[in-house]
Every structure is written in structure tokens, then in C-alpha cells.
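Visitor: Need coordinates for the following:
(chains A and B)
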Amino acid sequence: MSEWWTYRPSDFLLFAPRTYYRLFELYNTEVWPVHIVALLAGVTILVLMRSHAPWSGRLIAAMLATCWLWVAWAFHWQRYATINWAASYFAVGFAIEALLLFWIGVVRDRLRFNTNRNASTRIGVAMFVFALTVQPLLGLLFGRHWLQLEVFGVAPGPTVVATLGLLLAAKRINWIALPIPLLWCLLDGATLWVMNAADAFVLPVLAIILVLLSTFRLSAARR
Amino acid sequence: MNGKIHQASPLASASRRTLLLSLATQAASSFLIPMNASAQAGPVLTRPIPSSGEALPVIGLGSWITFNVGNDGVARDNCAEVMRNFFASGGRLIDSSPMYGSSQEVIGHGLGKLMKAGLQTPVFAADKIWISSAARGRDQIEMSRQHWNLRRRFDLLQVHNLLAWQEHLPMLLAMKAAGQVGYVGITTSEGRRHREFEQIMASQPLDFVEVTYNVLDREVEQRILPLARERRIGVIVNRPFREGELIRSVARHPLPAWAAEIDCSNWAQLLLKFIVSHPAVTCAIPATSSVAHVRENMGAAYGRLPDESMRRRLIAYVEKL
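Guide: Below is the predicted model:
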């Protein structure tokens, strides 16, 4: 792209805000009642995080990977790509993240959780609960119709935040699984920002919190 | 001929083919699709395409952002209604690009829907080629044609933002020579790559260029528009309202009383008439998904146009706001 410095973020926005939110509305209507399955999966993950069962980490990773794969296929590939050609690349990114989570958690069993809660575990769990319960309702706060709300395991935003929460809460930080969710936080924030959406700050702020806490954990572990 | 606005008898000196095309335009706008009751009286203002003399209404319809509505059936039908009103108001040129998401398919949906309703659309189909691979250029054009639901060739194909123009332009010119496209051009927007743009204009047999021009973004007045006149190249103007930002900022202020002297009843018409009154400009392509707005925009294709002193007056007025 020549003269790249002359481009503004808004030059990359291919659709109107109304179209973007309608996309969620139509998607939610079409895939219902997948939301219930996804929310049940979220609650199950929360329960499993407190479990001592040796297979709990594997099951959590499998459910999370399935959510990423679903969002890659049903949201990005089948729907978002109809208004944003870049979404086909997002779908690939989300599918890669699904594979990474499967590899880390299911194959290598490296997504295990502390039963004694330190600060980063607590914040990680709080992020997961936020993604499951509060984040979907933020849309209402910012004037969106309830049919346009984003739900964990169905829409990218809460799925990404929940994953970041789990990665932060895990016994060890799986750095390899972080770049794609963090990148999505930036992309989501930029998209909402150029649409003048009031909730544009949410994902970037959560990403910053996660990076700071993960870095703090790493430096504390080295001391 | 380039630069003259035509009204009742747009093509007194044009060729027979051009005259027939002009008559088809008039017929399509006034007979095949019923004119809006709200449309202004008098003939639609047209400009001749410099390379052929074919008359083109001075207001077209862009599809950037506004027609990219994906598979939303309600929004698609709304866009079809925008198109119906556009044609009914005398419009012809619709512009799109493979870069615009689902816009091409939405145009195709609209054309199909209007045809099913028994309305023959006088569309002047303008699309672009936007792919870095030279080898896949023809495939992309064919895909675009299918998206548009066109059973004939494109009227105009342009190289979008000069992407791989060295490869695509010879191919488009060959297609034109073979009768597979009516006209050929290149595009840019927001003042990018103007030096290179000028060099292509000076060296290649182009029918059209597409550039950004409006009451605040007037850089093209310096070199590109004069060059277009000199080389007899038609000019399509994109982003006439700066993607709506310009119209939102001026709409807070009262329309100057002298707007009535050039038959403008709203800001959209005033801003569009500024553009199409430049003698080098063939057509402006405001994009909208609103029926009310397309009607407003098409009002700029009727009545009187500003002269040079009024154009300067408008610039001064808007720059003060």
C-alpha cells in the first residue's frame, strides 16, 4: 500500500455502524439457541476451574477451543466476511487459536488452575465472569438492541475476554496463546472507535490489564 | 464539447449512436421507470463523455459503505428502493468495486428486483478492478459481472486506486478494443498518488478518471481537472460529502439565501452543484442508503448551476463555517 501514512483508521471501515450491529442481530436470531449451550459451557468451565479432577484442564481447553472454532466458522467466515473481506483472515486467526488451545490444553495438559487463589487468578476469574455475565449486557448500556448483544462462545468479543481471563488464571502463562486474543482486542477497539462507539475502550483496556498482570507474574516468578 | 452542461437537447452535435444513447437515457428516466412526483421539473442535466459524446446524468450513485449490507434482506431491499428512486429521478451511473464488501451483490439484488418488477433500468454500470495479481484480473471482472446480475458488459471498468495498473490497464484497453467493456479509467481518492495519476492520464488513452473533489478538497483543480479537459477524459467525483462528514458539519448552519438562485433547496444539492458545475467534471457519485437522501441528491441534477463567482462565494461561505 503506497502512501500508507495518508490513510486513517476510518478508511478501512467498509460498513456503516448500523450494518455492523444488524449483523449481530441477524446472527443471534439465526443461531439461537446456541447461546444457551455456550452459556452452559461457560458455567461448566467456571465449575471445572475449581475442580481437582485431573482431566478438568483438558475439558476446559476442549470447550474453549470449540467456542473459538465456532466463532471462526459461524461468525467470521459465514457472516462477518459478507461485509468485511478481512474477516476471512480473522476466521483463520480464530481457527489457529482454537488449535493452539487444543494443543496446549488437551494434548499437553498445560491449562491447569490453582485451587489457592492468588491475585492474578482472582482477576482472571473475574475477567471470565465479566465476559460471561456483564459484557453481553454492555450493549444495552450503550444503546444497542437486546437482539444485537454479544454472548460468550457465540460472538468474538466475550469469547476473547473469557479466554484471556482463563489464560491469566491458569497456573502457568501460556504465552503462545496470547497474541491472537490480544490482537483481536486491538482490532475490535479500533473498529468500534472509528464507528464512534462508546464501548470502544473495553477490550483494549482489558488487554492492557492482562499484559501488565502477565508481565508482573513473569517478573515475580523470576525473582 | 467537454465541460458543457446539456439540458433539453443534450447532443445537438453528437453522433447518431450518441444521439440514440441520449434518447435512451431520456426515455429510461422519463418513461421506463416513472419519475418521482417530487422530482424537479425540466430535463435532467447531462454531460457528454468526452471520448464518445454519450450523455451521462451529472449525478450518479456511489456504493462505498452504504450498499455493503451483507445478507441483510431488509437492508438489501432498502438499497433496491434507493436504486429505484435514483433511476426514477433520472440517474444512470452506479459505481462499485470488489473492494466494497457486498456492495456489488446488493446492486445485483436491486437490479434483479427492479427487473422482476418489470422496470427496465437504464444503468450505466461502472465497476473497478482491485486485485494485485494480473493473472486473476479477468476472473475478478467476471465475478463482479455476476455479482451485478449483468447480462451484458460493464459500461466502465477502472483500475481501483492504481493497484497493479501497469498490468491491468493494458488488459482493460484490450477488452475495450474487443468490445468487452465500454470505457476504461483509473481511480484514486483523497489526493493520493496524484503525481503518478497525472503521468498515467498524460500517457494512456483513458476515457475516465475518478478523483475526490468537493468544496473543501480542491487540489484536483490545480492540475488533474485541467489535464482531464486537455486530454478529453471524463471525470467522476467520489467523496463529494467527505463520507457524510462535510454535510453533517454544514447542516448545522442555515442554507444561504442565494442557494435558491441555483435551484437548491438543501445543502446536499448546493455541495453537489458546486462539484458538477466545474467544466471538467462529468459526474459526481454521492453514496447513500437513504431514499430521502437519494432524492435530495438527484435534485442537483436539475435546474441552474452556479457560475464561477457563485462557486467562489460558496467556497468562502463554507470555509467560514
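Visitor: Please write out the alpha-carbon positions of the helix or strand encompassing residue A:158 in PDB.
Guide: When secondary structure is defined by DSSP states H and E, residue A:158 falls within helix A:156-169. Extracted C-alpha coordinates of helix A:156-169, given in PDB (Å, rounded to 0.1, in the frame of the first residue of the first chain):
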ATOM      1  CA  PRO A 156     -15.800 -12.900  19.300                       C
ATOM      2  CA  GLY A 157     -15.600 -10.100  22.000                       C
ATOM      3  CA  PRO A 158     -16.700 -12.100  25.100                       C
ATOM      4  CA  THR A 159     -15.000 -15.300  23.800                       C
ATOM      5  CA  VAL A 160     -11.700 -13.400  23.600                       C
ATOM      6  CA  VAL A 161     -12.100 -11.800  27.100                       C
ATOM      7  CA  ALA A 162     -13.100 -15.100  28.700                       C
ATOM      8  CA  THR A 163     -10.100 -16.700  27.100                       C
ATOM      9  CA  LEU A 164      -7.700 -14.000  28.300                       C
ATOM     10  CA  GLY A 165      -9.200 -14.400  31.800                       C
ATOM     11  CA  LEU A 166      -8.600 -18.200  31.700                       C
ATOM     12  CA  LEU A 167      -5.100 -17.800  30.500                       C
ATOM     13  CA  LEU A 168      -4.400 -15.300  33.200                       C
ATOM     14  CA  ALA A 169      -5.900 -17.500  35.900                       C
END
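Visitor: need the next SSE after that helix, C-terminal direction.
Guide: The next secondary structure element downstream of helix A:156-169 (using DSSP H and E) turns out to be helix A:179-194.
Visitor: what about residue 180, neighbour count?
Guide: Just so you know, I chose chain A. Per other C-beta atoms under 10 Å in any protein chain shown, the neighbour tally for residue A:180 reads 20. C-beta: built from backbone N, CA, C; applies to glycine.
Visitor: looking at chain B here, not the other one
Guide: Residues contacting residue B:180 under the criterion other C-beta under 10 Å number 14.
Visitor: distance of it from residue B:142?
Guide: 10 Å (C-beta to C-beta, to the nearest Å).
Visitor: so what's residue A:216 closest to, chain neighbours aside?
Guide: Sequence neighbours aside, residue A:120 is the residue nearest to residue A:216 in space, at 7.6 Å (criterion: C-beta to C-beta, 6 or more residues apart in numbering or on different chains).
Visitor: Give me the secondary structure label for that neighbour.
Guide: For residue A:120, the secondary-structure state derived from DSSP: H, G, I helix; E, B strand; the rest coil is helix.
Visitor: how close does it get to chain B?
Guide: Taking C-beta to the nearest C-beta, to the nearest Å as the measure, residue A:120 and chain B are separated by 40 Å.
Visitor: Surely that residue is in contact with residue A:215?
Guide: No - with contacts defined as C-beta atoms under 8 Å, residue A:120 does not count as touching residue A:215, sitting 10.8 Å away.
Visitor: more neighbours, the two?
Guide: Per other C-beta under 10 Å, whichever of residue A:120 and residue A:215 has more neighbours is residue A:120, with 19 against 11.
Visitor: So which other helices or strands are in contact with the helix holding residue A:158?
Guide: For helix A:156-169, the packing partners by 3 or more C-beta pairs under 8 Å, 6 or more residues apart in numbering or on different chains; DSSP states H and E come out as helix A:34-49, helix A:56-70, helix A:87-101, helix A:119-129, helix A:135-141, helix A:179-194, helix A:202-222.
Visitor: how far does the lowest-mean-pLDDT helix or strand in chain A sit from the chain's center?
Guide: When the helices and strands of chain A are compared on mean pLDDT, DSSP states H and E, helix A:202-222 comes out lowest with a mean of 86. Between the centre of helix A:202-222 and the centre of its host chain there is 16 Å, according to C-alpha atoms, centre = their mean, to the nearest Å.
Visitor: buried ones in that helix?
Guide: If you call a residue buried by 16 or more other C-beta atoms under 10 Å in any protein chain shown, then helix A:202-222 has these buried ones: A:202-204, A:206-207, A:210, A:213-214, A:217.
Visitor: Report the backbone C-alpha coordinates of the helix or strand hosting residue B:273 in CSV.
Guide: Using DSSP H and E, the secondary-structure element containing residue B:273 is helix B:267-276. Coordinates of the C-alpha atoms in helix B:267-276 are reproduced here as CSV (Å, rounded to 0.1, in the frame of the first residue of the first chain):
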residue,chain,number,x,y,z
TRP,B,267,-27.1,21.6,1.5
ALA,B,268,-26.6,18.3,-0.5
GLN,B,269,-27.8,19.9,-3.7
LEU,B,270,-25.6,23.0,-3.1
LEU,B,271,-22.5,21.0,-2.4
LEU,B,272,-23.2,18.7,-5.4
LYS,B,273,-23.9,21.6,-7.8
PHE,B,274,-20.5,23.1,-6.8
ILE,B,275,-18.9,19.9,-8.0
VAL,B,276,-20.7,19.3,-11.2
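Visitor: Which residues are in contact with residue 66?
Guide: You didn't pick a chain, so chain A it is. A:41, A:98 (C-beta atoms under 8 Å, 6 or more residues apart in numbering or on different chains).
Visitor: That was the other one, I meant chain B.
Guide: Contacts were defined as C-beta under 8 Å, 6+ apart; by that measure residue B:66 touches A:16, B:79, B:103, B:287-289.
Visitor: For ChimeraX, what selects the buried ones among the residues you listed?
Guide: Applied in ChimeraX, the following selects the buried portion of the contacts of residue B:66 according to 16+ other C-beta under 10 Å:
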select /A:16 /B:79,103,287,288,289
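Visitor: Can you tell me which of the contacts of residue B:66 is closest to residue B:122?
Guide: Relative to residue B:122, the closest of those is residue B:79; by C-beta to C-beta it sits at 17.7 Å.
Visitor: so the closest one is in which element?
Guide: With DSSP H and E as the test, residue B:79 turns up in helix B:73-88.
Visitor: and that helix, anywhere near chain A?
Guide: Yes - using C-beta under 8 Å from any C-beta of the partner chain, helix B:73-88 reaches chain A at residue B:75.
Visitor: Check which helices and strands that helix sits against.
Guide: Looks like helix B:73-88 contacts helix B:103-116, helix B:291-298 (3+ C-beta pairs under 8 Å, 6+ apart).
Visitor: What distance do you get for the closest residue to residue A:138 other than its chain neighbours to chain B?
Guide: Distance criterion C-beta to C-beta, 6+ apart; nearest residue to residue A:138, sequence neighbours excluded, is residue A:199 at 5.6 Å. In this structure, residue A:199 lies at 21 Å from chain B, with C-beta to the nearest C-beta as the measure.
Visitor: Would you confirm that residue A:199 contacts residue A:142?
Guide: Yes - in terms of C-beta under 8 Å, residue A:199 counts as a neighbour of residue A:142; the distance is 4.9 Å.
Visitor: next one: the helix holding residue B:79 to chain centre, how far?
Guide: Here helix B:73-88 is found 17 Å from its chain centre; the criterion is C-alpha atoms, centre = their mean.
Visitor: Stretch A:175-192 too?
Guide: Put simply, stretch A:175-192 sits 8 Å off its chain's centre (C-alpha atoms, centre = their mean).
Visitor: so, in contact with chain B or not, that stretch?
Guide: No - residues of stretch A:175-192 are not located near chain B by C-beta under 8 Å from any C-beta, the shortest gap being 13.5 Å.
Visitor: how about residue B:146, what does it touch?
Guide: Applying C-beta under 8 Å, 6+ apart, one finds that residue B:146 lies in contact with residue B:108.
Visitor: Let me see the confidence value for the residue nearest the centre of chain A.
Guide: Taking C-alpha atoms, centre = their mean, the centroid of chain A lies closest to residue A:160, which sits 0.8 Å from it. On the pLDDT scale, residue A:160 is placed at 98.
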